[in-house]
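**Q** Could you look at this predicted model? Sequence included:
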Amino acid sequence: MKTVTILGATGSIGQNTLDVISRHPDLYRVFAVTGHSNVESLVRSAVLCNARFIVLSNESAYENVKQQMQQQHCHSEVLIGPEAMCEVCSAPEVDIVMSAIVGAAGLLPTIAAVRASKRVLLANKESLVMSGELFMNAVREHKAELLPIDSEHNAIFQCLPHNFEYGNLAASGISKILLTGSGGPFREKPLDEFELITPEQACAHPNWTMGRKISVDSASMMNKGLEFIEAKWLFGVDEADIQVVLHPQSTIHSMVQYSDGSVIAQMGNPDMRTPIAYGLSYPSRIESGVSPLDFSQLANFSFAEPDNLRYPNLYLAIEACKEGQSATTALNASNEVAVEAFLDQKLSFCAIAALNERVLSKLSTVELNSIAHVIEHDEMARNIARAELRKLS
Ligand code: NAD
Ligand code: MG
């Protein structure tokens with residue numbers, strides 16, 4: 001029996017995690033669920049999985065939670081604040097932490113889980129984008145077990161050889177990591193219509209159902225850019241070793257190309273319960289609730305190269321990745337500000353990339369030697385992004 005803490009339990013990944021866990025009451029029990037604002041869902045989730053703790057990221061929802069708990073006959077204990085989120089990750093009872101908070105807010109509790117040597121299921125790609133090298137050093141130092149949940153990275157993980165040596169593709173006979181992406185809802189939209197894109201259109205992903213921030217990132221392909229950076233750190237590879245491939249059907253979740261010409265791909269229906277189940281049960285396999293692929297329905301498989309006019313954010317992210325940690329931290333911060341403004345209808349879709357580019361051009365490269373320093377840099381970039389946003393609007 002493994003004990004699990006779920007960070008971001010009310011979100012899309014959090015709810016899918018609870019769904020997989022509910023299928024295996026003999027294998028997993030839930031220690032804590034954390035949430036930010038969706039109090040009704042947080043309490044309902046705690047009741048369903050019989051969580052020992054409910055953790056709220058801030059005080060403001062406390063009265064609401066108490067009321068909901070009374071209504072729903074919930075007996076969990078309530079904790080509040082960022083420190084409590086870290087504590088439920090590092091508690092000795094906990095074996096596995098699902099890191100599924102969206103954005104930079106996920107960094108500190110995820111690092112707490114790493115420092116406590118847990119099995120960390122990483123959905124929160126932003127924490128690796130912000131602190132890649134420091135994060136991976138902490139994983140090694142504390143002998144944490146880091147398993148990727150992002151479907152592409154989970155796929156790559158499944159396609160790597162068992163003797164894969166971190167950072168040494170050649171020794172494993174690998175020539176390239178092929179990171180696939182669908183191209184999002186605007187893959188074929190005329191570029192002159194981009195100015196009028198609404199949040200609802202951007203959030204309507206053709207293949208995946210996800211939270212709003214990652215949905216916008218998928219539409220702009222910033223998500224693939226963040227995943228490019230994530231892949232670099234997860235597998236210790238160079239920028240030149242990763243190739244982004246458009247694959248609109250999202251059936252192949254990513255591939256590894258070997259030097260003998262073999263390409264190993266991981267396939268499945270686009271449903272996050274597959275990587276979540278694999279992360280929970282690795283190296284075994286458990287039932288996830290995902291329906292099997294029906295090959296008679298897969299009429300075509302197509303592939304293309306992404307276009308840099310359509311997806312400027314992808315190329316900004318690849319350039320930031322080459323520049324280094326401070327650039328990727330700044331880009332992530334700026335993008336969070338820009339996407340929030342777009343979702344609030346204060347910024348156009350095209351202006352997301354323009355804002356990100358301006359923020360990057362205003363910051364010079366610095367060494368980030370500690371997590372505190374990363375957070376400071378993140379805040380500086382956010383402030384610049386907000387100032388630029390005011391100028392634009
Ligand atoms: P979501 O918006 O559906 O859920 C986000 C969760 O984070 C919620 O539980 C929310 O309460 C919590 N949260 C938000 N702001 C917070 C704050 N300031 N402090 C504490 N908690 C906060 O997002 P999602 O789609 O589930 O994505 C979660 C993470 O997983 C993201 O990093 C995303 O990039 C990654 N991811 C998601 C998918 C997917 O299919 N949804 C796939 C791959 C990776
Ligand atoms: Mg992904």
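**A** All right, it came through fine. Numbering: from 1, shown residues only. Ligands and ions are numbered 1, 2, ... in the order given.

**Q** Contacts only, for residue 206.
**A** Residues counted as contacts of residue 206 (Cβ atoms under 8 Å, 6 or more residues apart in numbering) are 182, 184-185, 248, 250. Where you see a C-beta, it was placed from the backbone N, CA and C, and this is true even at glycine.

**Q** if you set the cut-off to 7 Å instead, what comes out?
**A** 182, 185 (Cβ atoms under 7 Å, 6 or more residues apart in numbering).

**Q** what bridges to the residue lying closest to residue 224 once chain neighbours are set aside?
**A** Computed as Cβ to Cβ, 6 or more residues apart in numbering, the closest residue to residue 224 that is not its neighbour in sequence is residue 181, at 4.3 Å. On the basis of DSSP bridges, residue 181 is bridged to residue 246.

**Q** For the closest residue to ligand 2 within the stretch 251-393 of the chain, report the pLDDT, please.
**A** Nearest residue of the stretch 251-393 of the chain to ligand 2, counting by Cβ to the ion: residue 253, 8.1 Å away. Residue 253 is assigned a pLDDT of 98 by the prediction.

**Q** what's the distance between the residue nearest to residue 224 and ligand 1?
**A** Using Cβ to the nearest ligand atom, to the nearest Å, residue 181 is found at 12 Å from ligand 1.

**Q** With residue 177 instead?
**A** The gap separating residue 177 from ligand 1 is 17 Å, by Cβ to the nearest ligand atom.

**Q** Run through the residues that contact that residue.
**A** 156, 231, 235, 237, 241-242, 256.

**Q** Ramachandran angles for whatever residue of the stretch 201-350 of the chain ends up closest to ligand 1?
**A** Going by Cβ to the nearest ligand atom, ligand 1 is nearest to residue 211 of the stretch 201-350 of the chain, at 2.5 Å. When read as degrees, to the nearest 10, the backbone of residue 211 gives phi -60, psi 170.

**Q** so what's it scoring on pLDDT?
**A** We have a pLDDT of 93 for residue 211.

**Q** That one: how many residues sit nearby?
**A** When neighbours are defined as other Cβ atoms under 10 Å, residue 211 has 18 of them.

**Q** What of the one 5 residues further on?
**A** Number of residues near residue 216 (other Cβ under 10 Å) recorded here: 26.

**Q** Pretty sure it sits against residue 202.
**A** Yes - counting by Cβ atoms under 7 Å, residue 216 does reach residue 202; the two are 4.9 Å apart.

**Q** Show me what counts as buried in the longest helix along the chain.
**A** Looking across the chain with DSSP state H, the single longest helix is helix 371-392. Residues of helix 371-392 classed as buried: 371, 373-375, 377-378, 380-382, 384-385, 388-389 (neighbour count, 16 or more other Cβ atoms under 10 Å).

**Q** cool, stretch 58-67 as well?
**A** Judged by neighbour count using 16+ other Cβ under 10 Å, the buried positions of stretch 58-67 are 61, 65.

**Q** confidence score at residue 48?
**A** pLDDT for residue 48: 97.

**Q** what about it, helix or strand, and which?
**A** Taking DSSP states H and E as the criterion, the element that holds residue 48 is helix 39-49.

**Q** how about the helices in the stretch 251-393 of the chain?
**A** Counting by DSSP state H, counting those that start in this stretch, one finds helices in the stretch 251-393 of the chain at the ranges 273-281, 312-323, 325-343, 349-362, 371-392.

**Q** residue contacts, residue 86?
**A** Counting by Cβ under 7 Å, 6+ apart, residue 86 touches 108-109, 112.

**Q** out of those, which one sits closest to residue 303?
**A** Nearest to residue 303 among the contacts of residue 86, counting by Cβ to Cβ, is residue 109 at 37.4 Å.

**Q** Distance from the helix holding residue 48 to the middle of the chain?
**A** Computed by Cα atoms, centre = their mean, to the nearest Å, the chain-centroid distance of helix 39-49 equals 22 Å.

**Q** anything in it near ligand 1?
**A** No - Helix 39-49 is not in contact with ligand 1 by Cβ under 6 Å from any ligand atom; minimum separation 7.5 Å.

**Q** Give me the contacts around that helix.
**A** Contact with helix 39-49 is made by 9-10, 18, 21-22, 30, 33, 35, 54, 61, 64-65, 68-69, 72, 74, 76, as judged by Cβ under 7 Å, 6+ apart.

**Q** What's the first helix or strand after that helix?
**A** According to DSSP H and E, the helix or strand after helix 39-49 is strand 53-56.

**Q** Who does that next one pair with, and is each partner parallel or antiparallel?
**A** Assessed with DSSP bridges, strand 53-56 is paired to strand 28-35 (parallel), strand 77-80 (parallel).

**Q** The closest residue to ligand 2 within the stretch 1-150 of the chain: how many residues sit nearby?
**A** Evaluated by Cβ to the ion, the stretch 1-150 of the chain has residue 150 as its residue closest to ligand 2, separated by 4.1 Å. Neighbourhood size, residue 150 [other Cβ under 10 Å]: 26.

**Q** so it makes contact with residue 127?
**A** No - with contact defined as Cβ under 7 Å, residue 150 and residue 127 do not form a contacting pair (11.7 Å).

**Q** Which of the buried residues of helix 371-392 sits closest to residue 362?
**A** Comparing the buried residues of helix 371-392 against residue 362 with Cβ to Cβ places residue 384 closest, at 5.5 Å.
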